[in-house]
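[1] Just need the structure, nothing else, for what follows:
(chains A and B)
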Amino acid sequence: MAIKNLERVITPSGKHYVGDGFLVHNIIPGSQGLSMQRISPFIMMDYNAPHYFSPSNTPKGVGVHPHRGFETVTIAYKGKVEHHDSSGGGGVIGEGDVQWMTAASGVLHKEFHEKEWSKKGGDFQMVQLWVNLPAKDKMSPPKYQSITQAQMGKYHLSNHGGVIEVIAGQYNGITGAASTFTPVHLLNVRMKTGGKAEFSFPNKYNTALLVLEGSITVNDKDTVPANNFALFKNDGETFFIEAIKNAIVLVLSGEPINEPIAHHGPFVMNTKEEIMQAFEDFNMGKFGYLE
Amino acid sequence: MLENFRAYFTSKAEITDEQYVKITADLKTKVYKPQQYLLRKDEMCNHTFFVEKGLLRSYSVDETGKEHVIQFAPENWFISDRSSACFNEPSEYFIDAIEETRVVFVDQQFIQRLSAQSESFRNYNDFILHNHIRFLYKRINMLISHSAEIRYLSFIKLYPDLMLRVPQWMIASYLGITPESLSRVRKDLAKRHANMK
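    Predicted coordinates for the structure are as follows:
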């Protein structure tokens, strides 16, 4: 099978606060021209690189806001997040866990540092990814998938090179815990120095990786250090990575959704009219109510 | 660079690209950070501000220190204080940025130059003045005679995306109601509409 080569390595620019609880690099969209279309179905990625939050009796975070038309995937590496939504649901995303929220037709939610964690403070590291939905599913009912680290399918690399946690999709016959609307592979790779892993995805799938810790080489030639995002060309199927030092890498690959994208704030639809409708529905209380 | 400004004026004034470039050659623009002032009470407001990108508001501050929002100005809106800009009186109002905002400074000379070139702009300029007065009448009537819910419904029609860009207390201030009352209105609407999803 042909090698999938790197297109480019993107070092994200400055950080900004989302609410007062997430200090993030925005990687998708906008990082050096990386458009939603180019990396579809992944349409947004914020990365909160390790950051120390001092103890706070009032949990920091993001207040009530709506979403419609896509899914939010929150991957907690360090720290804990508590969330509540307008349907009365809620929960805690613990270290190593993932929350896969299908906003679809619309939810109101809020996300804050978990109360007890907030009181102690500590290092916080998290990825939030938005996965687009095809037009036919954008108005389907909202739902949650809480995926603990223990529930994730795990593939152990040879020579004790590390472990691949399959959040969604598949890796070497191991199936991920999350169900998705379109084909998506989301893999959390925890590698020891010298550990090697090979990946294979159809060439038309948009594929990228984010190095959260350590440093890796891709296809024995390109080095990607921590806090860098690497985008692959759609030229082949297979690539392999090797950890130069203990590394955590998030690998994402998915079939592009080739439909028009209309995006404004927390709504991602197909047309401008649908965006206007989303604002109207939100303003008129059709997303429900949350204090 | 000023896509909104250019689209706004060329669509209203029917001028050629060449005329646009000439007329706008010495226009000033500036980017304001959130909470940065464009105008403070007792200062002279010598310009009308066109919002290319971002969000501004004008407000007064009463004797107890409480802010009262007069107007929001998102993209493609104008904001100014006419008592100062047209009648040379020190302003009673503040204008500041809610978001990082790129502003185009529009002055009388610019309006006159454009009016001299374009009859359709002269007509449009009259129209926006009358429309502004019509809007202010509606706003006065709203504040003295309508319920909190009707005020809110009129607000979201005028400013469809501001509920997601502006803190609720500022919107309550604009509507002349308490933040608690705004929450109640939104809760009541959700109770009636949430099942319609």
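[2] what does chain A put close to chain B?
    Residues of chain A lying close to chain B (C-beta under 8 Å from any C-beta of the partner chain) are A:65-66, A:86, A:105-106, A:264-266, A:276, A:279-289, A:291. Where C-beta positions appear, they are placed from N, C-alpha and C, glycine not excepted.
[3] out of those residues, which are buried?
    A:65-66, A:86, A:105-106, A:266, A:276, A:279, A:281-289 (16 or more other C-beta atoms under 10 Å in any protein chain shown).
[4] So which of the residues of chain A next to chain B sit within helices?
    Here DSSP state H is the test, and the residues of chain A next to chain B give A:Met276, A:Phe279, A:Glu280, A:Asp281, A:Phe282, A:Asn283 as lying in helices.
[5] Adding distance to B:Leu56 and pLDDT, write the residues you listed out as JSON lines.
    Converted to JSON lines, these look like this (distance: C-beta to C-beta, whole Å; pLDDT from 0 to 100):
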{"residue": "A:Met276", "distance to B:Leu56": "23", "pLDDT": "96"}
{"residue": "A:Phe279", "distance to B:Leu56": "20", "pLDDT": "96"}
{"residue": "A:Glu280", "distance to B:Leu56": "24", "pLDDT": "96"}
{"residue": "A:Asp281", "distance to B:Leu56": "27", "pLDDT": "96"}
{"residue": "A:Phe282", "distance to B:Leu56": "23", "pLDDT": "96"}
{"residue": "A:Asn283", "distance to B:Leu56": "21", "pLDDT": "95"}
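[6] and the residue nearest to the spatial centre of chain B, what does it touch?
    Centroid-nearest residue in chain B: B:Ala73, 2.8 Å away (criterion: C-alpha atoms, centre = their mean). Neighbouring residues of B:Ala73 by C-beta atoms under 8 Å, 6 or more residues apart in numbering or on different chains: B:Phe49, B:Val51, B:Leu55, B:Leu56, B:Arg57, B:Ser58, B:Ile79.
[7] Next, find the distance separating the third one from chain A.
    Put plainly, it is B:Leu55. 13 Å (C-beta to the nearest C-beta, to the nearest Å).
[8] now swap in the last one and tell me
    Look at B:Ile79 and chain A: by C-beta to the nearest C-beta, they are 22 Å apart.
[9] Okay, and the beta partners of that residue?
    Listed by DSSP bridges, the beta-bridge partners for B:Ile79 are B:Phe49.
[10] and it, what is it in contact with?
    Applying C-beta under 8 Å, 6+ apart, the residues contacting B:Ile79 are B:Thr48, B:Phe49, B:Val51, B:Leu56, B:Arg57, B:Ser58, B:Gln71, B:Ala73, B:Ile95.
[11] Save these as JSON lines, and put in pLDDT and secondary structure too.
    Output for the contacts of B:Ile79, formatted as JSON lines (pLDDT from 0 to 100; DSSP: H, G, I helix; E, B strand; the rest coil):
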{"residue": "B:Thr48", "pLDDT": "92", "secondary structure": "strand"}
{"residue": "B:Phe49", "pLDDT": "95", "secondary structure": "strand"}
{"residue": "B:Val51", "pLDDT": "97", "secondary structure": "strand"}
{"residue": "B:Leu56", "pLDDT": "98", "secondary structure": "strand"}
{"residue": "B:Arg57", "pLDDT": "98", "secondary structure": "strand"}
{"residue": "B:Ser58", "pLDDT": "97", "secondary structure": "strand"}
{"residue": "B:Gln71", "pLDDT": "97", "secondary structure": "strand"}
{"residue": "B:Ala73", "pLDDT": "98", "secondary structure": "strand"}
{"residue": "B:Ile95", "pLDDT": "97", "secondary structure": "strand"}
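[12] Could you list the low-confidence segments of chain A?
    Applying pLDDT under 70 to chain A flags no residue at all.
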